[in-house]
Structures are given as structure tokens and as C-alpha cells.
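Asker: okay, sequence plus prediction incoming.
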Amino acid sequence: MTETAADSAPAVPVVAVVGRPNVGKSTLVNRILGRREAVVQDVPGVTRDRVFYDADWNGRKFVLVDTGGWAPDAAGMAARITEQAELAVATADAVLFVVDATVGTTDDDEAVVRVLRRSKKPVLLAANKVDDIRAEAEAASMWNLGLGEPHSVSALHGRGSGDLLDAVLKLLPEAPKDTGAEVGGPRRVALIGKPNVGKSSLLNRIAGSERSVVDDVAGTTVDPVDELVEVGGVTYRFIDTAGIRRRVKEATGHEYYASLRTQGAIERAEVCVALIDASQPVTEQDLRILTNAEESGRALVIAFNKWDLTDDERRRYLEREIERDLIQFGWASKINISAQTGRSVDRLGPAIEEALQGWETRIPTAKLNAFLGRLSAAHPHPVRGGKQPRIMFGTQAKAAPPTFILFTSGLLDDSYQRFVERRLREEFGFVGSPVHVQIRARE
Ligand code: GDP
Ligand code: GDP
């Protein structure tokens, strides 16, 4: 769960909707989302000042921040509006500033404009409540805010909202491609593990000796061959089974070629089934193979094979090894099997499905931020050098594996980041999948 440059995911752009109360921000947000989102649960002690939604316009994804969820009160309202605008601007790539065309500009509007000017973020001015053509003239008077052309819109009736969104998206950086390639067809499984751990025995047990060969991958010298294998009623594409079935031992460097081959299979797979010999101590080589699968971001099932050869003492010792050596793979789906006797081999299918499900989990942005809000309220980051780093918001940049980006003010301590990662898993599961968390500090 560490951040590396290689897996740095592009963030979905963020648009904040700001403006004083009652101008129609929430109505506009719902218009943009095209539905009434379930209101995020009120949690005592947690402000609902900013709610984050996943939005999509003409196939472009962005996150919409609604800053409207607070009750206006006379006392200190101007300060509150300014503070809201500042918070929103700090997290956003672009700002949609909403004014009420039927009211005209107010001092509160002017206060927001000053915040927006200082931020130097791109701003789009929406003159709302322009319900018909007659109100257009009122919208035009909003030029006096000095923010360029007012885009007239009726959030309530939808008038002008499409043009408004087109204009908003022009202000945003290119939306990222989702790289969690859902290619379709049978899910791709790599059977991995050190020599003699029982890979070909397991393959023979589930596929039989009848080979249902799919195809050769052109241009490779080691002629990998995939097989379609049915496990628990579901057909999977087992990757490079030639390398498993053929008991060739290259005269020289066979370890080296075997590991190249394993790496190739992992790269092509969506889920890895890693076999470990339960009857023998866990080795460095086992750990290397597991680490490989994790670093490649694949879903993972650990199958402890040769269970028939284990006695109570060995099983107790294995428990200790799992806690000591395999603790970093605590998230993987695990099964105890015997390829020889067939014991619990029927649990392989459900374990693969569980891992794939965890791997492809998507957490809606509103849900994620409600969780992050609760977490930061209950466990704020310790103060560092007089400053308190905080998580402003988070978004899941992609699935397969789940990859999160946390936008923070100030850098989080490593220990706090690990704490957040742990709680993310506790909250949302992701069984069978690595989870990546990246931090972007915005000042
Ligand atoms: P917020 O406090 O800025 O989030 O404002 P709301 O979205 O809660 O809207 C305040 C009031 O203005 C509500 O009664 C809305 O129904 C109304 N409203 C919002 N948009 C429009 C609009 O385009 N036209 C008209 N006539 N009323 C609107
Ligand atoms: P591979 O090199 O990983 O493909 O391993 P093999 O499938 O060739 O198995 C290596 C040896 O372990 C063979 O002698 C198998 O019969 C034996 N073996 C595999 N699975 C089991 C098992 O579950 N229990 C027992 N007792 N032996 C097994």
C-alpha cells in the first residue's frame, strides 16, 4: 500500500460549487448529477459543509463539491461564506460560482469574489434562476462582478445547464483514462508458486488431463498456452499453462526463466492463485512470488497446498509463519487445499470470485468522504510544528486494484497514512486485493 511513481494515478478533476446561501447551489448540483443523491448521513460532530459527488458529462468524469449543506444564520454569516469558499477553492481545479440573477449582486457575493480572485483558480460565473428569456437581462447585469461572462441558467428547470457544463469542462484538465481495463471474456488467472508446490497437480485436478487449449501468444519464444478451465461453474482463462504442464528443466538458468515466465503470467492475469507448500516452512521464494503479485496490483488468492501432509504441530507452526512472514498479505483470500486428495479444491472458485470482487470495488466519492470526515473528526492528525495536516478530501482514482488519492493540506505522517489505509480496509473490505493510497498535498 505504498505510493510509487510508477502507479501514480491521475486524479479526477474537481469542481467546487460556491456561493452564498439560497442562490440555488444544491439545486444546481442535483441538476448536474441528474438525480437526487441520497443525502449523506448526519453524524454528530461532523460538519456536512462539503459533500462530494461523482459526476459525468458527455463521458467526462469529474468530482462535484457541494458547499451548500449548512444552515445560514445571521451571526457571522459573511465570515462563514468566505471560509466555505476558501475551503472549496483549496480542493478544486475549477470553481462554479453561483449568483442569484433575480436578486442581483450582494455584499456576500462580493466577498466570495475576493476569495476567488486571490485563488487564481479558473472560475465560471453562473447566473441562476433565469427561468425564462425575460430574466436574461438580469443575468447580464452580473458582468459587474468582473468575472467575465455570466452563464445564465435555471437550476430548477434545467434551462442552460448543458451549455454551463460544456463551459465548466473546458476549464478542467484532461480527464484521466480509467486503466482498470475491463476487457470482457473469461477472467484471467495465473497459477503461480515455486517449483514442486503442486501447480500442475492442481491444474490437472481442476482441468483434467484433457487440454482445452485457447491459443498461443504470438511472438514469444516460450510458447505460452492458455487453457479455459471451469471452476465452480465459472469458466476462467488460465494463463500460460504450458509453463506449468511441461516439466522441462532448462539445462542452465532454469530458475531465471521460470521467474521470467511467472512475471509474464502475472502481468497478463487479473487474479493470481499463489500456491504455498503447507507442509514445508515458508521460504524467501514464496515471499518473492507473493510480493510480485502484490506489486503488479493483481487480486490474490493464497492456496496452502499439500494440506494432507500437515499434522497439528505443523499447522500450529504455519499459523505463526502466517502472522510473522505473511502479515503483509493479510488482505489476500486464503484457502487450505490438497491438489492430491482434492480436499477443499471446491473453495478455489469462491476464493477467486471474492478476490476479483474486492479488486474491482468502487467506493462512491460521497461515501468515501463521509468516511474520511468521520475518521478525521474522531482521529485528527497530530499537530506538527504548530500546523495540523488534514485530509481535505479523497477520491478513488481507479479500481482494479482500488487506488485512492487523498488531497491534504500539509504532508501526513507515514504512521497516520498507514492508519488511514488500515481504516479504509476495515470500512470497505477489499478482500483479496492490494489497495493503493497516494497523497497529494495542496496548499
Ligand atoms: P443553496 O442554499 O445555494 O444550496 O440553494 P438551494 O438549492 O437550496 O435553493 C434555494 C431556493 O432557490 C430553493 O427554494 C430552490 O427551489 C430555489 N431555486 C433554485 N434554483 C432555482 C431556479 O433556477 N429558479 C427558481 N425560480 N428557483 C430556484
Ligand atoms: P509444480 O512443480 O508446482 O507443478 O508441482 P507438481 O504439481 O508437479 O507437484 C510436485 C509434487 O508434489 C508431485 O510429486 C505431486 O504429486 C506432489 N503434490 C502436489 N500436490 C500435492 C498435495 O496436495 N499433496 C501431496 N501429498 N502431494 C502433492
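Answerer: Ah, there it is. The structure presented is a predicted model; accordingly, all values stated were derived computationally and were not measured. Numbers count the residues shown, from 1 in each chain. Ligands and ions are numbered 1, 2, ... in the order given.
Asker: so which bits of the stretch 201-350 of the chain are right by ligand 2?
Answerer: Taking Cβ under 6 Å from any ligand atom as the measure of proximity, the stretch 201-350 of the chain contacts ligand 2 at S201, I244, N305, K306, D308, L309, S338, A339, Q340. Backbone N, C-alpha and C define where each C-beta goes, glycine included.
Asker: which parts of this structure sit against ligand 1?
Answerer: Contact residues, the chain versus ligand 1 (Cβ under 6 Å from any ligand atom): 19, 21-27, 68, 128-129, 131, 154-156.
Asker: buried ones among those residues?
Answerer: Using 16 or more other Cβ atoms under 10 Å as the burial test, these include 19, 21, 23-27, 68, 128-129, 131, 154-155 as buried.
Asker: how about those in a markdown table, adding secondary structure and pLDDT?
Answerer: Shown next, in a markdown table, are those (DSSP: H, G, I helix; E, B strand; the rest coil; pLDDT from 0 to 100):
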| residue | secondary structure | pLDDT |
| --- | --- | --- |
| G19 | coil | 90 |
| P21 | coil | 85 |
| V23 | coil | 91 |
| G24 | coil | 90 |
| K25 | helix | 89 |
| S26 | helix | 85 |
| T27 | helix | 87 |
| G68 | coil | 63 |
| N128 | strand | 96 |
| K129 | coil | 96 |
| D131 | coil | 94 |
| S154 | coil | 96 |
| A155 | coil | 93 |
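Asker: as a markdown table, those with distance to E86 would be great.
Answerer: Below are those laid out as a markdown table (distance: Cβ to Cβ, whole Å):
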| residue | distance to E86 |
| --- | --- |
| G19 | 14 |
| P21 | 16 |
| V23 | 18 |
| G24 | 21 |
| K25 | 16 |
| S26 | 20 |
| T27 | 23 |
| G68 | 16 |
| N128 | 22 |
| K129 | 25 |
| D131 | 31 |
| S154 | 28 |
| A155 | 24 |
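Asker: packing partners for the helix or strand harbouring L164?
Answerer: Following DSSP states H and E, one finds L164 within helix 161-170. Using 3 or more Cβ pairs under 8 Å, 6 or more residues apart in numbering; DSSP states H and E as the contact criterion, the elements in contact with helix 161-170 are helix 25-33, strand 51-57, strand 94-100, strand 123-128, strand 150-152.
Asker: could you dump these into JSON lines with distance to ligand 2 added?
Answerer: Output for these, formatted as JSON lines (distance: least, Cβ to the nearest ligand atom, whole Å):
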{"stretch": "helix 25-33", "distance to ligand 2": "51"}
{"stretch": "strand 51-57", "distance to ligand 2": "44"}
{"stretch": "strand 94-100", "distance to ligand 2": "54"}
{"stretch": "strand 123-128", "distance to ligand 2": "60"}
{"stretch": "strand 150-152", "distance to ligand 2": "64"}
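Asker: closest one to V12 among the ones you listed?
Answerer: Each of these has some distance to V12 by Cβ to Cβ; the shortest is strand 51-57, at 7.9 Å.
Asker: so the helix holding L164 versus strand 123-128, what angle?
Answerer: 170 degrees (axes from the mean of the first three to the mean of the last three Cα atoms, to 10 degrees).
Asker: mind listing residues that contact helix 161-170?
Answerer: Helix 161-170 is contacted from outside by 15, 28, 31-32, 57-58, 60, 62, 94, 96, 124, 126, 151, 153-155, using Cβ atoms under 8 Å, 6 or more residues apart in numbering.
Asker: you'd agree V15 is in a strand?
Answerer: Yes - residue state for V15 (DSSP: H, G, I helix; E, B strand; the rest coil) corresponds to a strand.
Asker: residues in contact with it?
Answerer: A55, F62, V63, L64, V65, A92, D93, A94, V95, L96, V168, L172.
Asker: rerun that using 7 Å as the cut-off
Answerer: Counting by Cβ atoms under 7 Å, 6 or more residues apart in numbering, V15 touches F62, L64, V65, A92, A94, L96, V168.
Asker: same question, K129
Answerer: G24, D100, A101, T102, S154.
Asker: which one of the residues you listed is nearest to A190?
Answerer: G24 (52.9 Å).
Asker: next structured bit after the longest strand seen in the chain?
Answerer: Counting by DSSP state E, the longest strand found in the chain is strand 390-398. Next in sequence after strand 390-398, counting helices and strands by DSSP H and E, comes strand 403-409.
Asker: so how far is that next one from its chain's centroid?
Answerer: 11 Å (Cα atoms, centre = their mean, to the nearest Å).
Asker: could you give the average pLDDT over it?
Answerer: Averaging pLDDT along strand 403-409 gives 91.
Asker: what packs against the host helix or strand of I244?
Answerer: Here I244, judged by DSSP H and E, is contained in helix 242-245. Other elements packing on helix 242-245 under the criterion 3 or more Cβ pairs under 7 Å, 6 or more residues apart in numbering; DSSP states H and E are helix 199-207.
Asker: repeat that for 10 Å
Answerer: If contacts are counted by 3 or more Cβ pairs under 10 Å, 6 or more residues apart in numbering; DSSP states H and E, helix 242-245 sits against strand 187-192, helix 199-207, strand 225-231, helix 254-268.
Asker: next up, the contacts around the closest residue to P122 other than its chain neighbours.
Answerer: Nearest non-adjacent residue to P122, counting by Cβ to Cβ, 6 or more residues apart in numbering: L171, 4.1 Å away. When contacts are counted by Cβ atoms under 10 Å, 6 or more residues apart in numbering, L171 is found next to P13, V15, D93, A94, V95, L96, K121, P122, V123, L124.
Asker: quick check: E174 touching F62?
Answerer: No - when contacts are counted by Cβ atoms under 10 Å, E174 is not listed as touching F62 (11.2 Å).
Asker: those two: which is more packed in?
Answerer: F62 (23 against 8; other Cβ atoms under 10 Å).
Asker: of the residues of the stretch 201-350 of the chain next to ligand 2, closest to ligand 1?
Answerer: N305 (58.8 Å; Cβ to the nearest ligand atom).
Asker: measure the nearest residue to that closest one once chain neighbours are set aside to N204 for me?
Answerer: Spatially, and ignoring its direct neighbours in sequence, N305 is nearest to G198 (4.3 Å; Cβ to Cβ, 6+ apart). From G198 over to N204 the distance is 10 Å, taken as Cβ to Cβ, to the nearest Å.
Asker: again, but for L169
Answerer: Taking Cβ to Cβ, one finds L169 at 54 Å from N204.
Asker: over to L406?
Answerer: L406 sits 46 Å away from N204, going by Cβ to Cβ.
Asker: out of those two, which sits in the busier spot?
Answerer: Per other Cβ under 10 Å, whichever of L406 and N204 has more neighbours is L406, with 21 against 15.
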